[in-house]
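Peer 1: I would like to see how this sequence folds:
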Amino acid sequence: MIMMGLKFMGQAPFQDVYIHALVRDAEGQKMSKSKGNVIDPLQVMDKYGTDALRFTLAAMASPGRDIKLSEERIEGYRNFANKLWNAARFVLMNLEGPRTDAPLADRPIADRWIMSRLHRCIGDVNRSLEEYRFDEAANAAYHFIWHEYCDWYLELTKPALADKDSQQAALTRTTLVESFETVLRLLHPLMPFITEEIWQAIPHAGESVMVAPYPSQRTALIDEDIESQIASVTSVVSAARNIRGSQGIAPSRALHAAVAAPTAAFKTTLMAHQDLIASLARISTLVIDTDVRPYMHGASSSVVFPGGSVGVLYVDLAGLIDVGKEKTRIEKRLNELAAQMEQDDKKLSNPDFVAKVPPDVLKKTKARREECRAEHEKLSDELRRLGEMAGGSA
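Peer 2: Got it, this is the predicted structure:
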């Protein structure tokens, strides 16, 4: 083709060549009718959807590595498509009411945060597409849409949307439409059918998402300070949810909590967004300070703030759990950890074991010993606080 192009057209027919991976089965074997390991794309598309198959192939298209295709992976990206449908339903349900167009700087902090994160994602996706890294483009879009847009932004909008007639709600509706419409245009090359269907249902300009301008990064909208503030908020909310999960506390039960901020700066940030944290984490009483020793009882969870600073969230468990039952559970786990540490200590103190085992086994043994020690220390602190709650000693 190059020779004939140069001969008859006076120019090369193409500048870049993309050599795609070979698609193999889940075990890495070449697909063959005789082996019976062929995945029929038509059947898979009928079962999971064409967009799910397209996205799977894009997300796994790492250069120099064959694709090990399995129905489980395709099913996983079908769940991603369902996540997008659910986000669309949320947006459509909350568009009833006025929308106010205002500069981004005048909108709620959650709106400024999502536009900053969206344009950071747009930059990542566009750079990956320019370099033919379809896997990186797909995974950047996946992470942003699932973990930031759906898991956090839609939750962060709920306090503003609670009063439908408020100015905050009108501003947030505008951002919902702008951000989601942009997300659909960004995702369209990877998932053309679902994005077209949803795009036609929300407010838009033009006949089709297929011919709408592809998003380009607006660096002026990227705000690292806003991103850091919301990262602090979500860190505290995640810690509260971790405690709910570990202690079996129902989401409907309000918490009494205290946050030990690592620095005065983080304290100031959290205080500025105290109402938002309390709303998302369902906390009725929230104390924020650099020293919360009077509140250090009940359960605790580490809070990792931007930059690696670590604080602690304390939740008062009085009236929320059976203290005696929880103490029994912790004591049982402490005994298990102590036995495991004793076993690992014997191995690590044995010169023959250290000298003869493979390096990876030695490394895993040391790592397990450290993990057990850290968990034992944390549970011991929890047991002590439970003892204080019960009016005795752990």
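Peer 1: any idea how far Leu92 lies from Leu176?
Peer 2: Here the criterion is CB to CB, to the nearest Å. By it, Leu92 lies 10 Å from Leu176. Heads up, the C-betas are built off the backbone N, CA and C, glycines and all.
Peer 1: now swap in Ser216 and tell me
Peer 2: From Ser216 to Leu176 the distance is 21 Å (CB to CB).
Peer 1: Between the two, tell me which one has more neighbours.
Peer 2: Per other CB atoms under 10 Å, whichever of Ser216 and Leu176 has more neighbours is Leu176, with 25 against 9.
Peer 1: what's the closest non-adjacent residue to the more buried one?
Peer 2: Distances taken as CB to CB, 6 or more residues apart in numbering place Val91 nearest to Leu176, at 5.1 Å, with adjacent residues excluded.
Peer 1: Around the one you found, count how many other residues there are.
Peer 2: 22.
Peer 1: Please identify the helix or strand for the residue lying closest to Leu313 once chain neighbours are set aside.
Peer 2: Spatial nearest neighbour of Leu313, excluding adjacent residues (CB to CB, 6+ apart): Ala239 at 4.2 Å. Assigned by DSSP states H and E, Ala239 belongs to helix 224-247.
Peer 1: neighbouring contacts of that helix?
Peer 2: Applying CB atoms under 8 Å, 6 or more residues apart in numbering, the contact partners of helix 224-247 are 109-110, 112-113, 116-117, 152, 156, 249-251, 255, 257, 259, 266, 269-270, 272-273, 276-277, 280-283, 299-307, 313, 315, 317, 320-321, 326.
Peer 1: Apply 7 Å and report the result again.
Peer 2: If you take CB atoms under 7 Å, 6 or more residues apart in numbering as the criterion, helix 224-247 is touched by 109, 112-113, 116-117, 152, 251, 255, 257, 259, 266, 269-270, 273, 276-277, 280-281, 283, 299, 301-306, 313, 315, 317, 321.
Peer 1: how close does Trp199 sit to Ala140?
Peer 2: 20 Å.
Peer 1: Skipping its backbone neighbours, what lies nearest Met4 in space?
Peer 2: Nearest residue to Met4, sequence neighbours excluded (CB to CB, 6+ apart): Pro13, at 7.9 Å.
Peer 1: neighbours around the one you found, how many?
Peer 2: If we define neighbours as other CB under 10 Å, then Pro13 has 11 of them.
Peer 1: again with Ser252
Peer 2: Taking other CB under 10 Å as the criterion, the count of residues near Ser252 is 6.
Peer 1: so where do the helices sit in the stretch 51-200 of the chain?
Peer 2: 71-93, 109-130, 134-143, 154-161, 167-187, 192-201 (DSSP state H, counting those that start in this stretch).
Peer 1: okay if I get those helices as JSON lines plus mean pLDDT and distance to Gly387?
Peer 2: Converted to JSON lines, the helices of the stretch 51-200 of the chain look like this (pLDDT from 0 to 100; distance: least, CB to CB, whole Å):
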{"stretch": "helix 71-93", "mean pLDDT": "95", "distance to Gly387": "43"}
{"stretch": "helix 109-130", "mean pLDDT": "97", "distance to Gly387": "40"}
{"stretch": "helix 134-143", "mean pLDDT": "96", "distance to Gly387": "42"}
{"stretch": "helix 154-161", "mean pLDDT": "94", "distance to Gly387": "36"}
{"stretch": "helix 167-187", "mean pLDDT": "96", "distance to Gly387": "45"}
{"stretch": "helix 192-201", "mean pLDDT": "97", "distance to Gly387": "54"}
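Peer 1: of those, which approaches Val357 most closely?
Peer 2: helix 71-93 (33.9 Å; CB to CB).
Peer 1: Give me the contacts around the closest one.
Peer 2: With contacts defined as CB under 7 Å, 6+ apart, helix 71-93 is touched by 44, 48-49, 51-53, 55-56, 59, 142, 145-146, 149-150, 154, 176, 180, 191, 194, 198, 201-202.
Peer 1: filter the residues you listed to the buried ones?
Peer 2: Buried members of the contacts of helix 71-93, scored by 16 or more other CB atoms under 10 Å, are 44, 48-49, 51-53, 55-56, 59, 142, 145, 149-150, 154, 176, 180, 191, 194, 198.
Peer 1: host element of Lys332?
Peer 2: Per DSSP H and E: helix 323-348 holds Lys332.
Peer 1: and the next helix or strand after that helix, C-alpha only, in PDB?
Peer 2: Next in sequence after helix 323-348, counting helices and strands by DSSP H and E, comes helix 351-356. Only the C-alpha atoms of helix 351-356 are listed here, as PDB (Å, rounded to 0.1, in the frame of the first residue of the first chain):
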ATOM      1  CA  PRO A 351      17.700 -19.000  60.700                       C
ATOM      2  CA  ASP A 352      16.900 -22.100  58.600                       C
ATOM      3  CA  PHE A 353      13.500 -20.700  57.500                       C
ATOM      4  CA  VAL A 354      15.000 -17.300  56.700                       C
ATOM      5  CA  ALA A 355      17.800 -18.800  54.700                       C
ATOM      6  CA  LYS A 356      15.900 -21.500  52.700                       C
END
